[in-house]
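Enquirer: Whatever this is, show me its structure:
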Amino acid sequence: MNDLDDFRAALRQPPDEPFAEPDLAAIMAGGTRIRRRRRVLTGAAGIAASAAVVLVFVFAVQLRQPAPAPVAQPPAPVPAESTTAALPAEQPMGDVIGTGIRTGRGEIVFFARAVALPELPDIHFGLVAGFRSGETLQSVLMTNEYRGSDRSFGFHATDGGELSGNEVIPVFGYFAGQAARITTTVHGKTVEASLARWTADPNVVVFWFDPVAVPNSAVLTPLIAYDAAGKRLTK
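Expert: Residues are numbered from 1 along each chain as shown. Predicted structure coming up:
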């Protein structure tokens, strides 16, 4: 037997260990947990996570099935002249909060929007960042708690510090409690947040930072809240 015969014989040998079939139930269960958490934080992220799970499932199944015969596809639809990644507009809860930060897409604003998910019984609203131009609101990012209560004492739903198109969404969030001042430290310097009380619940304070002073959430030290008398409310 020559080298070529040895090689062919080796190819015909069964593997030492059989290939393990993918645990599709575990894959889908894990994907559901990730998808749920991301969807309630940002709509775009939820869609991306969902697509990823579907791709994993399809790939696992196709490993065990022969490739289907090609099927003629209808022509792709012509895209609209302009599209937007903004979340669907919904009625704000309480007043829209203007930041005074003007951009080419309008003023950056924040507002609350209802959340109603059976797996989050104590989460009733999320905080939306977007743009206001005239009477038009464009939502670009929504964040909310995904465990516990949305109005338990302390800081909640801190997010932002990222680009939407060419515009920077400020780092923002809200504090449940009677905060009159909120600060953080960036590179050893104390930075004050801008504050606005939520008209739907005066015990909730929305805060945001100047994007120049706080470019993203990674540079934040722990946030600190103070009451009107200057007493520190958080550790």
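Enquirer: quick one: pLDDT of E90?
Expert: E90 carries a pLDDT score of 67 in this model.
Enquirer: And the next helix or strand past the lowest-mean-pLDDT helix or strand in the chain?
Expert: Of all helical and strand segments in the chain, the minimum by mean pLDDT, DSSP states H and E falls on helix 43-62, at a mean of 33. Later in the chain than helix 43-62, the nearest helix or strand by DSSP states H and E is strand 93-103.
Enquirer: quick one: average pLDDT of that next one?
Expert: According to the model, strand 93-103 has a mean pLDDT of 96.
Enquirer: what does stretch 108-115 give?
Expert: 96.
Enquirer: Begin at 757, not 1, for the rest of this chat.
Expert: All right, first residue 757 from here; so that's stretch 864-871.
Enquirer: Only the buried residues of that stretch, if you could.
Expert: Across stretch 864-871, burial judged by 16 or more other C-beta atoms under 10 Å covers I864, V865, F866, F867, A868, R869, V871. Every residue, glycine included, has its C-beta placed from N, CA and C.
Enquirer: could the residues you listed go into TSV alongside secondary structure?
Expert: Formatted as TSV, those follow (DSSP: H, G, I helix; E, B strand; the rest coil):
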residue	secondary structure
I864	strand
V865	strand
F866	strand
F867	strand
A868	strand
R869	strand
V871	coil
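Enquirer: Max pairwise distance over the residues you listed: which two?
Expert: I864 and V871 (21.7 Å; C-beta to C-beta).
Enquirer: show me where the chain has helices.
Expert: Taking DSSP state H as the test, the helices found in the chain are 759-768, 780-797, 799-818.
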